[in-house]
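J.: Mind looking at a prediction? Sequence and model below.
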Amino acid sequence: MTTAIEIPTGAYDFDLDIGDGLAEAVIDHRAVAANLRALGAQASAPIMAVVKADAFGHGAVPVARTCVAAGARWLGVTRIGEALALRGAGITVPILAWLHDASRAATALAHGIDLAVSGATDLAAIARAAEMSDGGTRPARIHLELDTGMHRSGCPGEDWVRLVRAAAELSRAGSVQVVGIWSHLSHGGEPGAIATHRQLLMFRIGLDLARRAGLRPAVVHLANTAAVQANPVVTRHDLVRVGAGLFGIGDGLRPAMTLRSHVVQVRHVQAGRGVGYDHVQRTTRDTHLALVPLGYADGIPRAATGRAEVLVRGRRAPLIGQVSMDQVVIDVGRDPVAVGDEVIAFGPGDRGEPTARDWAQWTGTNEHEIYTGIGSRVARRHVTAPEAAA
């Protein structure tokens, strides 16, 4: 027979720390601010700081605040819920959300959130939401997105004239305000790519058609981080959208996140012993193995098995054996480490530790996926003082 366990009322009235101190991602806001300013100096237009996906895993609200303080005039997110979280934190600068369900338009408009529009159906739904809100006195703020060659989101070229004419008509009726026109480059970091030249040409044509329809957008934006750094021609619009670069992804920028844990067990193992599930690797010598409580549930890619390294006691140590959900084993050699010793999975590289770029190369992905993959069990610690990576 199963006996029920009574839980006292209020027994769990505390801030739950599911990480239990086993790992943390330290976010250096000095680096975020410095990266934004460096990119701003390279661009010839104001910055929209893109803090989608919880600011690439770094924490959307604190990062957004840092970006605004450092000079960002706009914020960009993917989803309406992300924008609402920023508004709920008291952030008042313009926010654009570009991938959404138009059925939530009324909520977005009530909180002063700009919405991207890629087609006539979404345009009509957003206009209806505006007409039904506040007695129809406040137009919906929209940014028309033209697909110039990504073939992902945005309005296809063959439908563009119809969209801009419909938007102009609704603008005259007071249902919408076309705040922006924008697109996204497939080869932003390659100014000489044929695709880039084609997209620039199509964007210019699209802008001309929109203006002929009577639209006068306040902001036109095309460039992302890669384009800001490699292709200044496309930054000569009213905004540049900077996301990856905020976090140190790009040339000459400083990574803002350091992923840290510590040794929780150490054991001496003889040569030839299998390690972890399926014994995919064996020790090649008598050695010491250290257990680190970071696994693929925390953002350590399983594809890193047999490839990656971490920093412990000032030296690199390779992972050995299959990456598990909650832990990895590292081979620290004949000189044992101690329980409690710091382990740095990645950081800016100042102390010889791997960087997120190293992990991306080891696992065949990009830095964006490494950062956004850091799990919720890993506590985020936000710092602005020089001890950021200490």
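T.: In hand now; what should we look at?

J.: Which stretches in the stretch 201-350 of the chain count as helices?
T.: Taking DSSP state H, counting those that start in this stretch as the criterion, the stretch 201-350 of the chain carries its helices at 225-230.

J.: do the same with the stretch 51-200 of the chain
T.: For the stretch 51-200 of the chain, helices defined by DSSP H, counting those that start in this stretch occupy the ranges 52-57, 60-70, 80-88, 105-110, 120-132, 157-173, 194-212.

J.: so which of those helices is the most packed in?
T.: Here the criterion is mean neighbour count by mean count of other C-beta atoms under 10 Å, and of those the winner is helix 52-57, at a mean of 22. Any C-beta I mention is one placed from the backbone N, CA and C, and that applies to glycine too.

J.: what helices or strands is it leaning on?
T.: Applying 3 or more C-beta pairs under 8 Å, 6 or more residues apart in numbering; DSSP states H and E, we find helix 52-57 packed against helix 60-70, helix 367-372.

J.: How many residues are close by residue 359?
T.: Per other C-beta atoms under 10 Å, the neighbour tally for residue 359 reads 26.

J.: May I ask you to confirm that it belongs to a strand?
T.: No - read with DSSP: H, G, I helix; E, B strand; the rest coil, residue 359 is helix and lies in no strand.

J.: Which of the helices and strands packed on helix 52-57 sits closest to residue 381?
T.: Proximity to residue 381 (C-beta to C-beta) singles out helix 60-70 among the helices and strands packed on helix 52-57, at 10.4 Å.

J.: Could I get the helices and strands packed on helix 52-57 in a markdown table, plus columns for mean pLDDT and distance to residue 355?
T.: Formatted as a markdown table, these follow (pLDDT from 0 to 100; distance: least, C-beta to C-beta, whole Å):
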| stretch | mean pLDDT | distance to residue 355 |
| --- | --- | --- |
| helix 60-70 | 98 | 19 |
| helix 367-372 | 98 | 8 |
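
J.: Redo the ones you listed as CSV? Include distance to residue 38.
T.: Formatted as CSV, the helices and strands packed on helix 52-57 follow (distance: least, C-beta to C-beta, whole Å):
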stretch, distance to residue 38
helix 60-70, 10
helix 367-372, 17
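
J.: Out of those, flag the one nearest residue 219.
T.: In terms of C-beta to C-beta, the element of these nearest to residue 219 is helix 60-70, at 16.8 Å.

J.: so where's the stretch 101-250 of the chain shaky on pLDDT?
T.: Scanning the stretch 101-250 of the chain for pLDDT under 70 picks out no residues.

J.: mind saving the C-alpha coords of stretch 180-194 as PDB?
T.: Extracted C-alpha coordinates of stretch 180-194, given in PDB (Å, rounded to 0.1, in the frame of the first residue of the first chain):
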ATOM      1  CA  GLY A 180       9.900  50.000 -41.100                       C
ATOM      2  CA  ILE A 181      10.800  48.000 -44.200                       C
ATOM      3  CA  TRP A 182      13.500  45.300 -43.800                       C
ATOM      4  CA  SER A 183      15.100  42.100 -45.100                       C
ATOM      5  CA  HIS A 184      17.800  39.700 -44.000                       C
ATOM      6  CA  LEU A 185      21.000  38.700 -45.800                       C
ATOM      7  CA  SER A 186      22.000  35.100 -46.500                       C
ATOM      8  CA  HIS A 187      25.700  36.000 -46.900                       C
ATOM      9  CA  GLY A 188      26.000  39.000 -44.600                       C
ATOM     10  CA  GLY A 189      29.700  38.500 -44.100                       C
ATOM     11  CA  GLU A 190      30.500  38.100 -47.700                       C
ATOM     12  CA  PRO A 191      30.200  41.400 -49.600                       C
ATOM     13  CA  GLY A 192      31.400  39.900 -52.800                       C
ATOM     14  CA  ALA A 193      29.000  37.000 -52.900                       C
ATOM     15  CA  ILE A 194      26.600  36.900 -55.900                       C
END
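
J.: Can you mark which positions in it are buried?
T.: Residues 180, 181, 182, 183, 184, 185, 187, 188, 189, 191 are the ones in stretch 180-194 that count as buried (16 or more other C-beta atoms under 10 Å).

J.: Leaving out the residues flanking it, which one is nearest to residue 372?
T.: Leaving aside its sequence neighbours, residue 372 sits nearest to residue 57 (C-beta to C-beta, 6 or more residues apart in numbering; 4.6 Å).

J.: go on, residue 352?
T.: Spatially, and ignoring its direct neighbours in sequence, residue 352 is nearest to residue 311 (6.1 Å; C-beta to C-beta, 6+ apart).

J.: Tell me how many other residues crowd that neighbour.
T.: Neighbour count for residue 311, taken as other C-beta under 10 Å: 21.

J.: No further queries at this time; thank you.
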